[in-house]
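*Asks:* Sequence and predicted model, in that order:
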Amino acid sequence: NVRLMVFNSVGQQIRTLVNATQAPGVYRLTWNGCDDQGREAASGSYLLTLRAGETTLHQRVMLVR
């Protein structure tokens, strides 16, 4: 199972981009800058967390409006 989540600067999960079983491979995804309720997220720093099996990866990103 693969999960890709977006967290705000205070650690709240604001969006789940992927939550599915996926075959190994290369995938591309674009986040539209909205939370799970469809509201636009503010400009600033966000943390992407990818969990795939036993692996967890983190990447800090900037959203600029």
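*Replies:* It's in. Numbering: from 1, shown residues only.

*Asks:* Need the distance between the two termini of stretch 22-37.
*Replies:* 24 Å (Cα to Cα, to the nearest Å).

*Asks:* buried ones in it?
*Replies:* Buried residues in stretch 22-37, counted by 16 or more other Cβ atoms under 10 Å: Gly33. No exception for glycine: its C-beta is placed from N, CA and C like everyone else's.

*Asks:* what are the ranges of the helices in the chain?
*Replies:* In the chain, no helices are defined using DSSP state H.

*Asks:* Run through the strands of the protein in chain order.
*Replies:* Secondary structure of the chain (DSSP state E): strands located at 2-7, 13-20, 44-52, 55-63.

*Asks:* TSV for the ones you listed, including distance to Asp35 and mean neighbour count?
*Replies:* Listed next are these as TSV, based on distance: least, Cβ to Cβ, whole Å; neighbours: other Cβ atoms under 10 Å:
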stretch	distance to Asp35	mean neighbour count
strand 2-7	8	17
strand 13-20	4	14
strand 44-52	11	15
strand 55-63	11	10
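
*Asks:* so which of those strands gets nearest Thr30?
*Replies:* strand 13-20 (9.3 Å; Cβ to Cβ).

*Asks:* so who does the closest residue to Met62 other than its chain neighbours touch?
*Replies:* Nearest residue to Met62, sequence neighbours excluded (Cβ to Cβ, 6 or more residues apart in numbering): Ser45, at 5.8 Å. Contacts of Ser45 were listed using Cβ atoms under 8 Å, 6 or more residues apart in numbering, and they are Ser9, Arg60, Val61, Met62, Leu63.

*Asks:* if you set the cut-off to 10 Å instead, what comes out?
*Replies:* Asn8, Ser9, Arg60, Val61, Met62, Leu63 (Cβ atoms under 10 Å, 6 or more residues apart in numbering).

*Asks:* Need the pLDDT of it.
*Replies:* We have a pLDDT of 97 for Ser45.

*Asks:* Also the one 4 residues further on?
*Replies:* Looking at Thr49, its pLDDT is 98.
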